[in-house]
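In: This is a predicted model, with the sequence first.
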Amino acid sequence: MNTRPSTLSTDGMVSSSHPAASVVGARVLADGGNAIDATLAMAAMTWLTLPGQCGIGGDAFAVIRDPDGHVQTIGGSGFGPDGADVDFYRDRGHTSIPLDGALGVAVPGAPAALAALHRSGATRSLVELWEPAARAAEKGLPCSAKTRSDIAEAVDAIARDPGLRAVYLPGGSLPHAGQQLPQADLARTIRTMATDPGWFYTGSFAEQAVAALARGGAPFSGEEWAATADALVAPSITMNYGGAVVHQTPLPTPGWMVLQQAALCDRSVGFTPWMSTTAIDRMARAARMSFEDRFARCGSDSDAWRSLLTEESIASARKKLDSGMLAPSAFDVHDGDTTSTVVVDSDGRAVSFIHSLAFTFGAKISVPGTGVVLNNRLGRGAYLIPGHPNSVQPRRRPLHTLNAWIVTDSENNLLHVGNTPGGDGQVQWNMQLLSHLIDHGLDPAEAVAAPRFTVFPGSDSDVVGLESELRCEDRIDPRTIDELERLGHRVRRQSSWGGGGSAQVISMDNDRGLMIGAADPRQEGIALSA
């Protein structure tokens, strides 16, 4: 696979995992919209271009940098049913929350996040920004190879849901690549929500959704839907790395895990050769430590993560890494199904945005007559471990895999904007991206295409207890992989581009006034100048 060079611009730039989404965002910028406008338009278009990865029924998070240097975050994730706790699931014979069906659903947070993002500085109405997606839904976008693969992966569950079956198994068969998939119900939903986003949480949509989930056995009251309408707006959480400042999303995201890894790798990885045994070993063991800390201590309504980022805790953790005192874990990582965008406009406003249904087509159920596919974030994210800080509990958001970041210098000048999908791979691959960009000066195209490695364990609820390993794309020097095995890593070799993810990066050359961007060649995305 040949990688494209980075895209260059002086007037604004977008990057996403699908050309149609990037084109919509670039058009918004070219027509005078800002980075927030472009992000909102791209988000809606990806509901059509990558329906297995994201949708109205999913969650979403963003980091926004204003032209004056102020950075804030917006989070959209929801609660499980008010009537469910650990005993509810265990009494029904479950040892983990089901991933398919109503019992795995959390209230979608994406609509709340998008409405809050719009209020944070958009210059165009949602009606205008989402109309291209509504028209595309009416007409039907051509089915991509990625979407066909996702449908094939979930075909049995899709066939059981009338709404999904009508769209994604036309005539009862898998669509062929290029076949148009019209979605009249979704087009109506997009237009209604653009006019009144609150309709999703307190209007007729919420009533329909709660009724459908109740028929599936999930004891939603409707009150948890109304409570999710308020997005989580907060300052970014930060850590210095390599002389720069990394801004990340707070709980329920694992943004703190990226910051912890950055603290454990700072003044270490940057002083070793790029993709060397020493660098990979350090980053892999730092990631493993973060997953162990997450599983042992963290929940979305706890501040335990803060103590893990104190100077004392970081110093103690560094000693363990330096001495090799880190036992192998026993969890696994799923790649997940997520997609993301990055945008920088001509004023220096930047948005890193990520949204997801959790696993492919989420819970694989839709709200009848709406075209909305519901997530399975509760099933993926919450545990059935009594007393655990991440056990399922009414009005407790499950811990998330999504996170997004922006990097500035110490004077708040923008340096980099990025993110990547990939389940529990995200916190690791984002750390790798930061090292590529900050430690080694790679340009965005080089950074997103760099060989990828992934620590398994992660902490998804359905895979706790599986054997630990380090997965490495085989473009990593074979001698390095051999040395990693000698250091005790159980290495699984992957194909050259089989590591997963779809990273997006835009970097700033502030001396020349340039934006430099690239999309991961592991998917079909592109970076475009405005």
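Out: Noted; the coordinates are in hand.
In: mind checking pLDDT for the residue nearest to N413 when sequence neighbours are not counted?
Out: Nearest residue to N413, sequence neighbours excluded (C-beta to C-beta, 6 or more residues apart in numbering): N510, at 5.9 Å. (C-beta placed from N, C-alpha, C; glycine too.) We have a pLDDT of 95 for N510.
In: Ok, A244 next?
Out: 98.
In: That one is in contact with D409, isn't it?
Out: Yes - counting by C-beta atoms under 8 Å, A244 touches D409, with 5.9 Å between them.
In: Spit out the residues that contact the two alike.
Out: When C-beta atoms under 8 Å, 6 or more residues apart in numbering defines a contact, the residues bordering A244 and D409 alike are L415.
In: returning to what we had before: do you know how far the residue nearest to N413 is from T202?
Out: To T202, N510 is 45 Å away according to C-beta to C-beta, to the nearest Å.
In: do N403 as well
Out: In terms of C-beta to C-beta, N403 sits 29 Å off from T202.
In: cool, G498 as well?
Out: 44 Å.
In: repeat for L141
Out: 31 Å.
In: do V233 as well
Out: 19 Å.
In: And Q494, by the same measure?
Out: 46 Å.
In: More neighbours: those two, which one.
Out: More neighbours surround Q494 than the other of Q494 and T202, with 19 against 14 (other C-beta atoms under 10 Å).
In: In the stretch 201-350 of the chain, mark out all the strands, start to finish.
Out: Ranges of strands in the stretch 201-350 of the chain, per DSSP state E, counting those that start in this stretch, are 232-235, 237-241, 244-248, 337-345, 350-358.
In: pLDDT averaged over the fourth one - what is it?
Out: Mean pLDDT, computed over strand 337-345, is 91.
In: can you pull the buried residues of it?
Out: 337-345 (16 or more other C-beta atoms under 10 Å).
In: For that strand, name the packing helices and strands.
Out: strand 12-16, helix 19-30, helix 35-49, strand 350-358, strand 414-419, strand 504-509, strand 514-519 (3 or more C-beta pairs under 8 Å, 6 or more residues apart in numbering; DSSP states H and E).
In: Just say which of the ones you listed is most tucked in.
Out: Most buried of those, by mean neighbour count (mean count of other C-beta atoms under 10 Å): strand 12-16, with a mean of 32.
In: Between helix 19-30 and that strand, find me the angle.
Out: Strand 12-16 and helix 19-30 meet at an angle of 160 degrees, taking axes from the mean of the first three to the mean of the last three C-alpha atoms, to 10 degrees as the criterion.
In: Which strands and helices lie in contact with strand 12-16?
Out: Strand 12-16 packs on helix 19-30, helix 35-49, strand 337-345, strand 504-509, strand 514-519, strand 526-529, going by 3+ C-beta pairs under 8 Å, 6+ apart.
In: So what are the sheet partners of the helix or strand following the second one and their directions?
Out: Heading C-terminal from helix 35-49, the first helix or strand you meet, by DSSP states H and E, is strand 59-65. Based on DSSP bridges, the strands next to strand 59-65 in the sheet, each with its direction, are strand 71-76 (antiparallel), strand 350-358 (antiparallel).
In: what's the spacing between the longest one and its chain's center?
Out: Distance, stretch centre to chain centre, for strand 350-358: 5 Å (C-alpha atoms, centre = their mean, to the nearest Å).
In: between that strand and strand 244-248, how big is the angle?
Out: Using the same axes, to 10 degrees: strand 350-358 against strand 244-248 is 40 degrees.
In: And the next helix or strand past strand 350-358?
Out: strand 366-367.
In: Give me the distance from that following strand to the chain's centre.
Out: How far strand 366-367 lies from its chain's middle: 22 Å, per C-alpha atoms, centre = their mean.
In: what does the average pLDDT come to for that strand?
Out: On average, strand 366-367 scores 98.
In: Counting by contacts, list what that strand packs against.
Out: Secondary structure elements in contact with strand 366-367, counted by 3+ C-beta pairs under 8 Å, 6+ apart, are helix 162-168, helix 204-215.
In: Apply 6 Å and report the result again.
Out: Counting contacts by 3 or more C-beta pairs under 6 Å, 6 or more residues apart in numbering; DSSP states H and E, strand 366-367 is packed against helix 204-215.
In: Just the CA trace of the helix it packs on, in PDB.
Out: Only the C-alpha atoms of helix 204-215 are listed here, as PDB (Å, rounded to 0.1, in the frame of the first residue of the first chain):
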ATOM      1  CA  SER A 204     -42.000  11.700  20.600                       C
ATOM      2  CA  PHE A 205     -38.700  10.100  19.600                       C
ATOM      3  CA  ALA A 206     -37.800   9.400  23.300                       C
ATOM      4  CA  GLU A 207     -41.300   7.900  23.800                       C
ATOM      5  CA  GLN A 208     -40.900   5.600  20.800                       C
ATOM      6  CA  ALA A 209     -37.400   4.500  21.900                       C
ATOM      7  CA  VAL A 210     -38.300   3.800  25.500                       C
ATOM      8  CA  ALA A 211     -41.400   1.800  24.300                       C
ATOM      9  CA  ALA A 212     -39.300  -0.200  21.900                       C
ATOM     10  CA  LEU A 213     -36.600  -0.900  24.500                       C
ATOM     11  CA  ALA A 214     -39.200  -1.900  27.100                       C
ATOM     12  CA  ARG A 215     -40.500  -4.500  24.600                       C
END
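In: what residues does it touch?
Out: If you take C-beta atoms under 6 Å, 6 or more residues apart in numbering as the criterion, helix 204-215 is touched by 102, 199, 220, 222, 225, 367.
In: Same list, the helices and strands packed on strand 337-345, but as TSV with distance to T277 please.
Out: Below are these laid out as TSV (distance: least, C-beta to C-beta, whole Å):
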stretch	distance to T277
strand 12-16	31
helix 19-30	37
helix 35-49	38
strand 350-358	31
strand 414-419	25
strand 504-509	25
strand 514-519	27
